[in-house]
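[1] how would this look folded up:
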Amino acid sequence: MLRVIAVAAVAMLLSACSKQEVGDVSLGLFTTKDIKVQSFTDPKISGVTCHISHVEADLDLADPSDMSIACRQTGPITAEMLSGIDRSKNGEVIFTTSKSILFKHLKIRRIYDANHQTLMYLSYSTKESTGSYKHALSTVPLWGTQAWQAPVKAP
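    Numbers count the residues shown, from 1 in each chain. Below is the predicted model:
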């Protein structure tokens, strides 16, 4: 059991060295908790960059579940890019990172709102914390992009 915990701890430490980390803010001199800020580009919509912030507790077996997300258009978004995404109501997971050695993950899911031509990015924890599942939402409207479809007017 100790070996499993040690391997998981090493994996978590190595994942903290991600090239995606763009910020690291200490929460104080007498704490082992830091706010990590990571950026990533949507793997199918390269014109969207998301930034997530979450607390990482270096010496704990599980990190807190709170997180924040902000996604923005940072390049072209085309109809061809949109044609390759999951358009179901569940969308698709585009980012995941471990938050504990016991099955808790932070995930980001892209959901397409066809009625409003908006990409929604939902970040959430896969394990309940203090009575709720923590989550946050950011949206990227397609207005003004190459992917925008003019609404069809009824006759």
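[2] residue contacts, the residue nearest the centre of the chain?
    When C-alpha atoms, centre = their mean is applied to the chain, the residue found nearest the centroid is Ile108 (3.5 Å). The neighbourhood of Ile108, defined by C-beta atoms under 8 Å, 6 or more residues apart in numbering, consists of 50, 52, 69, 93-96, 121-123. All C-beta atoms are positioned from the backbone trio N, CA, C, and that covers glycine.
[3] State the pLDDT value of it.
    Predicted confidence (pLDDT) at Ile108: the value is 94.
[4] Now for the closest residue to it other than its chain neighbours, how many residues are close by?
    Using C-beta to C-beta, 6 or more residues apart in numbering and skipping residues adjacent in sequence, the residue nearest Ile108 is Phe95, 4.0 Å away. For Phe95, the neighbour count with other C-beta atoms under 10 Å is 19.
[5] State the distance from Phe95 to Cys50.
    8 Å (C-beta to C-beta, to the nearest Å).
[6] Give me the secondary structure label for the nearest residue to Met67 once chain neighbours are set aside.
    Closest residue to Met67 in three dimensions, ignoring its sequence neighbours and counting by C-beta to C-beta, 6+ apart: His54, at 4.1 Å. At His54 the chain is in strand, as set by DSSP: H, G, I helix; E, B strand; the rest coil.
[7] correct me, but His51 touches Ile69?
    Yes - with contact defined as C-beta atoms under 8 Å, His51 reaches Ile69; the gap is 7.2 Å.
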